[in-house]
Structure formats: C-alpha cells, structure tokens
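Visitor: starting from these lines, generate the structure:
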Amino acid sequence: MERIELKTHHKSELIEITEVVQEAVIRSGIKDGICLVYTPHTTTSVILFENVDPNLQRDFLAHMSRLVPKSERYAHGENADAHLKSALCGASVSIPFEDARLHIGPWQGIFFCEFDGPRERREVFVKIVEQA
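Guide: Purely as a prediction, here's the structure:
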C-alpha cells in the first residue's frame, strides 16, 4: 500500500491526484486489478469528478457549501459541516485497471476533497489488488 501526503491551502478545495495514483499502479508491477484510493480523515473525501473545467470544481464546492452550510446550530460545533460533507461524498473510490492503466473516462479525474482546511498534512492511501 502506498501513502500520498498532501498539504491543503484553503478551507474547501479539490486537489487532483489522478497522476500520482496512476504512478502507484505502474510501480506496483500489477497489470490487471482494482485500485482502491482511500482517505482516513473524517473531514475529507476522495471522489471521481470532471477534470477539464476548473469552473465545475468551483461549482461543486459552492454547491456543497449551500447544501451543508457552516452553522453554529450543529450539535457537534465548529466543523460539523466538514464532517457532513465528507460523509456525503465518501472516503474512497475503487477503480479497475488493465495493462496498468486506470479505467477512467476521458474527462474524469480522481480528486481529494478538503472540507476543513488548510492543513499541513493530509493522507491518501492507495491499495492495488491483483485480479485473480
């Protein structure tokens, strides 16, 4: 399993990690299988999302803020919105690959979502499972 470390710069942001995940698949030496990408933080997510138009990424973050606004009314307190956004988006994605190439669409990317930043150190784990 590989660990990717990230530094985030904003309260909420998307960071594309497709290339580093693809490199992990290649380094594994496994040709066919499944790649699991997972974040262990309760205020972050990993998603598949459109990777061509940065305006769509801004739209996504704006919509998430409207859907789950920052509020003092949550029982948890100051960062409850980040926990709720993370739960809605999910902590992992599984992507099949063949010939060491991820099977993602031409406008798809793997994104790390920060909902409680900025943070000096965030982690993403990549687990490569060989097809039996």
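Visitor: what's around Pro50, how many residues?
Guide: No Pro there; residue 50 is Glu. 15 (other Cβ atoms under 10 Å). From N, CA and C alone the C-beta is placed, and that goes for glycine too.
Visitor: next, it: phi, psi?
Guide: phi -60, psi 130 (degrees, to the nearest 10).
Visitor: list the buried residues in the biggest strand by length in the chain.
Guide: Longest strand in the chain, counting residues (DSSP state E): strand 122-130. Along strand 122-130, these residues count as buried under the neighbour rule (16 or more other Cβ atoms under 10 Å): Arg122, Val124, Phe125, Val126, Lys127, Ile128.
Visitor: please apply the same query to stretch 100-117.
Guide: Result for stretch 100-117 [16+ other Cβ under 10 Å]: buried residues 100, 102, 104, 108-117.
Visitor: pLDDT on that stretch, on average?
Guide: Averaging pLDDT along stretch 100-117 gives 98.
Visitor: the chain: strands as residue ranges?
Guide: According to DSSP E, the strands that the chain contains are 2-6, 13-16, 33-38, 44-50, 92-98, 101-102, 108-114, 122-130.
Visitor: possible to save the ones you listed as JSON lines with distance to His83?
Guide: As requested, the strands of the chain are arranged in JSON lines below (distance: least, Cβ to Cβ, whole Å):
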{"stretch": "strand 2-6", "distance to His83": "19"}
{"stretch": "strand 13-16", "distance to His83": "17"}
{"stretch": "strand 33-38", "distance to His83": "17"}
{"stretch": "strand 44-50", "distance to His83": "10"}
{"stretch": "strand 92-98", "distance to His83": "16"}
{"stretch": "strand 101-102", "distance to His83": "29"}
{"stretch": "strand 108-114", "distance to His83": "13"}
{"stretch": "strand 122-130", "distance to His83": "15"}
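Visitor: for the ones you listed, which one sits closest to Ala75?
Guide: Closest approach to Ala75 among the strands of the chain is made by strand 44-50 (21.3 Å; Cβ to Cβ).
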